[in-house]
Structures are given as C-alpha cells and as structure tokens.
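Colleague: Give me coordinates for this.
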Amino acid sequence: MSLKVQDLGELAYGGLVTGLAKLDEKRINAGTLTKKDFLKKASFYGYVVPGVVATAATAMNWMPKQSEWTERIAHGFIYGFPGFIMDVVDSMKTNTTSYNAIAEAERIARASSKRANAIRETPQPGWEGAKRVY
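Modeller: The predicted model follows:
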C-alpha cells in the first residue's frame with residue numbers, strides 16, 4: 001500500500017481540523033472565547049463544512065470525478081463524528097462544582113490579598129495609625 005495524491009486531501013482535512021482546534025484552545029486560554037461558544041469556534045466550521053459537503057457528495061454521487069477525494073474526507077468526517085458530538089455536548093454543560101469551587105477560591109484569594117496590601121504597618125504601636133481600605 002502506498003500513498004496516493006488523494007491522501008493529501010485527507011491529511012489536509014485532518015490538519016485543518018487539528019490546527020483550528022489548537023487555535024480555538026489558544027483563544028479560550030486568552031479569554032476571547034468560551035467553551036460554550038461552540039458556534040464561534042473555527043474548528044466547528046472547519047470540521048463540519050468540508051465534512052458534510054464531502055459526505056453528501058460521496059453519498060449522492062454528486063461529483064463522480066472527485067469521488068476518490070471526497071470519499072477519503074467523508075471517512076475522516078464519519079470517524080471523527082462521535083468525538084465531535086461529545087465536544088458539543090461537553091460545551092453545553094453548565095459549570096461543574098469543581099470549577100465553581102476554584103473560581104470561589106480565586107475570588108477569596110484576590111480579596112484577601114487586596115486587604116493585606118491595603119493595611120500598611122506604621123511606626124505607632126497597635127493599629128491606630130494603620131490605613132485600612134475595604
């Protein structure tokens with residue numbers, strides 16, 4: 001078995017989906033995108049649009065001359081479909097309790113650090129001369 005020119009389409013499709021998923025992950029980490037916004041993710045459209053077109057073209061025999069190309073992309077789309085569905089379902093979930101606990105701990109840590117920075121030591125005994133900001 002050897003590589004054919006048509007394998008490039010399959011590799012390009014997989015590379016497109018993987019690259020766009022990494023781009024979306026970078027956008028999520030930067031805070032410009034949330035996991036719930038799956039319709040704003042580039043990887044959503046990079047996976048769905050070529051995959052649905054290639055699968056429909058293969059199933060309906062719309063482009064018989066390109067069937068070797070579309071069939072390979074359709075196989076990649078079908079093999080990746082369960083993972084795609086799980087990603088969509090995971091993005092629709094509400095925040096888990098562990099996420100809420102972490103967010104609450106971070107909020108408490110920020111509040112306590114603000115209070116600690118607001119209270120300054122003074123040369124006077126006790127807290128009489130200390131500056132307190134709440």
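Colleague: separation between the residue nearest to residue 66 when sequence neighbours are not counted and residue 65?
Modeller: Leaving aside its sequence neighbours, residue 66 sits nearest to residue 57 (Cβ to Cβ, 6 or more residues apart in numbering; 7.2 Å). Using the backbone N, CA and C atoms, a C-beta is placed for each residue, glycine as well. Separation of residue 57 from residue 65 (Cβ to Cβ, to the nearest Å): 11 Å.
Colleague: Between the two, point out the one with more neighbours.
Modeller: Set residue 57 next to residue 65 and count neighbours by other Cβ atoms under 10 Å: residue 57 wins out with 19 against 7.
Colleague: surely the more buried one meets residue 64?
Modeller: No - contact between residue 57 and residue 64 fails when scored by Cβ atoms under 8 Å: they sit 9.2 Å apart.
Colleague: and the residue positioned nearest the centre of the chain, what helix or strand is that in?
Modeller: Centre of the chain computed as the mean C-alpha position; nearest residue by Cα atoms, centre = their mean is residue 25, 4.2 Å away. Using DSSP states H and E, residue 25 sits in helix 7-30.
Colleague: Okay, buried residues for that helix please.
Modeller: By 16 or more other Cβ atoms under 10 Å, the buried positions in helix 7-30 come out as 9, 10, 13, 17, 20, 21, 24, 27.
Colleague: which residues sit against that helix?
Modeller: Residues outside helix 7-30 that contact it (Cβ atoms under 8 Å, 6 or more residues apart in numbering): 33-35, 41-43, 46-47, 50-51, 54, 69, 72-73, 75-77, 80.
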